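**Student:** The amino acid sequence is not available; the structure is as follows:
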Ligand SMILES: [Zn+2]
């Protein structure tokens with residue numbers, strides 16, 4: 001049986017909310033793994049040391065859900081504090097190099113043994129191409145990284161490796177697992193995963209209908225579509241709205257339902 005301890009990464013900010021949640025997962029035989037590296041803040045490193053001490057465990061490896069800085073930057077400091085620890089993630093060439101550790105590749109179907117128990121690795125791209133989630137079958141718990149945030153929404157940066165079609169497929173896949181609990185990297189645990197995942201999927205599909213309606217009404221640019229959907233939008237939120245619309249348009253283009261020519265979009 002595995003024991004999970006939430007370790008707060010102590011990195012609050014505009015992109016991280018009240019800061020990231022990382023999880024120390026301990027099994028029998030004094031073995032433990034850490035899910036996500038945080039940003040190397042001193043209080044996080046202290047919580048990690050205390051957690052390992054309390055559990056009487058040694059840190060075997062750090063599993064990183066994806067290469068966004070709030071999840072991966074702490075690898076350098078953890079490597080310094082815990083020599084010999086291995087760092088594993090799904091490869092994202094061009095991004096992984098900046099974190100100063102020698103990553104070992106992790107992918108779909110891999111199993112991470114923690115004492116006599118194990119976590120299964122699921123490749124769940126969309127928020128980023130390298131996104132992984134970690135599934136503990138016995139407790140039907142999913143360490144879900146940035147797939148969902150309770151009461152919030154997840155950004156799909158289509159200009160930085162995000163892909164909305166893949167993201168929706170990942171949400172569908174997670175829902176089909178019938179998890180009992182999601183442990184996201186931001187915000188509280190999600191104890192009603194099916195409802196939350198269904199809401200997420202329906203919300204995105206409703207947004208897609210709005211994007212198609214805007215195109216049919218003659219809106220041709222990302223900005224024009226965004227302005228028609230987000231009426232009276234706070235200018236500070238415009239970049240996020242543009243990213244969201246761009247992600248929807250790219251999905252429609254890949255599906256052959258919209259075309260773009262010289263940055264002007266139309267329905268097929
Ligand atoms: Zn992220």
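**Tutor:** Received the coordinates, thanks. As the structure is a prediction and not an experimental result, all values here were calculated from the model. Residues are numbered from 1 along each chain as shown.

**Student:** tell me the contacts of the residue of the stretch 101-250 of the chain at minimum distance from the ion?
**Tutor:** Nearest to the ion in the stretch 101-250 of the chain, going by Cβ to the ion, is residue 146, at a distance of 3.8 Å. Heads up, the C-betas are built off the backbone N, CA and C, glycines and all. Listed by Cβ atoms under 8 Å, 6 or more residues apart in numbering, the contact set of residue 146 reads 65-66, 68, 71, 127-128, 131, 154, 184-186.

**Student:** Enumerate the residues of the stretch 1-150 of the chain near the ion.
**Tutor:** Proximity of the stretch 1-150 of the chain to the ion, by Cβ under 5 Å from the ion, involves residues 68, 146.

**Student:** let's see 6 Å
**Tutor:** 66, 68, 127-128, 146 (Cβ under 6 Å from the ion).

**Student:** now, which of the residues you listed sits nearest residue 241?
**Tutor:** residue 127 (17.4 Å; Cβ to Cβ).

**Student:** For residue 184, see how far away that closest one is.
**Tutor:** Counting by Cβ to Cβ, to the nearest Å, the separation of residue 127 from residue 184 is 11 Å.

**Student:** What helix or strand is residue 245 located in?
**Tutor:** Using DSSP states H and E, residue 245 sits within helix 238-254.

**Student:** hang on, the earlier thing: which of the contacts of residue 146 fall in helices?
**Tutor:** Applying DSSP state H to the contacts of residue 146, the entries found in helices are residue 71.

**Student:** mind listing which of the contacts of residue 146 are in strands?
**Tutor:** Using DSSP state E, the subset of these located in strands is residue 184.

**Student:** and the residue lying closest to residue 3 once chain neighbours are set aside, how many residues sit next to it?
**Tutor:** Nearest residue to residue 3, sequence neighbours excluded (Cβ to Cβ, 6 or more residues apart in numbering): residue 26, at 4.8 Å. Residues contacting residue 26 under the criterion other Cβ atoms under 10 Å number 26.

**Student:** Give me the distance between residue 26 and residue 117.
**Tutor:** Taking Cβ to Cβ, one finds residue 26 at 10 Å from residue 117.

**Student:** Overlap of the contact sets of these two?
**Tutor:** Joint contacts of residue 26 and residue 117 (Cβ under 8 Å, 6+ apart) are residue 2.

**Student:** just how off-centre is stretch 42-55 within its chain?
**Tutor:** 24 Å (Cα atoms, centre = their mean, to the nearest Å).

**Student:** Dig out what residue 62 forms beta bridges with.
**Tutor:** Note on residue 62: beta-bridge partners by DSSP bridges are residue 34, residue 87.

**Student:** mind listing what residue 87 touches?
**Tutor:** With contact set as Cβ under 8 Å, 6+ apart, residue 87 has these partners: 37, 61-62, 64, 75, 78-79, 101-104.
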